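K.L.:
Quick one: sequence plus predicted model below, questions after.
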Amino acid sequence: MKRTKFLVLSISTSIVVWLSSHLAAVVIALPPPEDIPEEILRTEIIISARSPIDGQPLNPAEYAQLQEQLRVSPPPKLDPKIRDQIFLLRLRKALLQFFPFLGI
C-alpha cells in the first residue's frame, strides 16, 4: 500500500514538474511582439534630443550647438568653503556607518 502511494505521488510530481517547466519555457522563449529588435534600434537615427541642462526638447542643430558650448566653457567650480563643507559631511556620513553611536 505504501509503495503504491509513493509510486503515484512520485509520478504525479514528475508530471507536474515537467508540465510547469515546459509551459514556462514556451512563455519565455520569445520576446513580446511589441518589442523592437536591438538591431533596428541601433540603426535608428535620433532626430530629437533633450537639453542636459534643463531637459527641454531640442532639434539636432540646437543640440550640437549646446554640446559645443558645454565643451568650450566648462561648468563653474564650487566655492572652496562649500567644497570643504561637502567633504566634511561625506566624511561624517562614512564615520557614522562605522560608529553609529556617535550620531546625535
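P.N.:
Thanks, I have it. Numbering: from 1, shown residues only.
K.L.:
who's in contact with the residue most central in space within the chain?
P.N.:
With distances taken as CA atoms, centre = their mean, Glu38 lies nearest the centre of the chain, 17.1 Å away. For Glu38, no residue meets the contact criterion (CB atoms under 8 Å, 6 or more residues apart in numbering). C-betas here are computed from N, CA, C, even on glycine.
K.L.:
Next one: it relative to Glu44, how far apart?
P.N.:
The span separating Glu38 from Glu44 equals 10 Å under the rule CB to CB, to the nearest Å.
K.L.:
quick revisit: just the pLDDT for the residue nearest to the centre of the chain.
P.N.:
Each residue has a pLDDT score; the one for Glu38 is 84.
K.L.:
quick one: low-confidence ranges for this structure?
P.N.:
Low-confidence segments of the chain, defined by pLDDT under 70, are located at 22-29, 75, 104.
K.L.:
Which helix runs longest in it?
P.N.:
As assigned by DSSP state H, the longest helix anywhere in the chain is helix 2-28.
K.L.:
ok, now how distant is the residue nearest to the centre of the chain from Pro31?
P.N.:
For Glu38, the distance to Pro31 under the criterion CB to CB works out to 10 Å.
K.L.:
hang on, isn't Leu70 packed against Ala64?
P.N.:
No. Taking CB atoms under 8 Å as the definition, Leu70 is not a contact partner of Ala64, at 10.9 Å.
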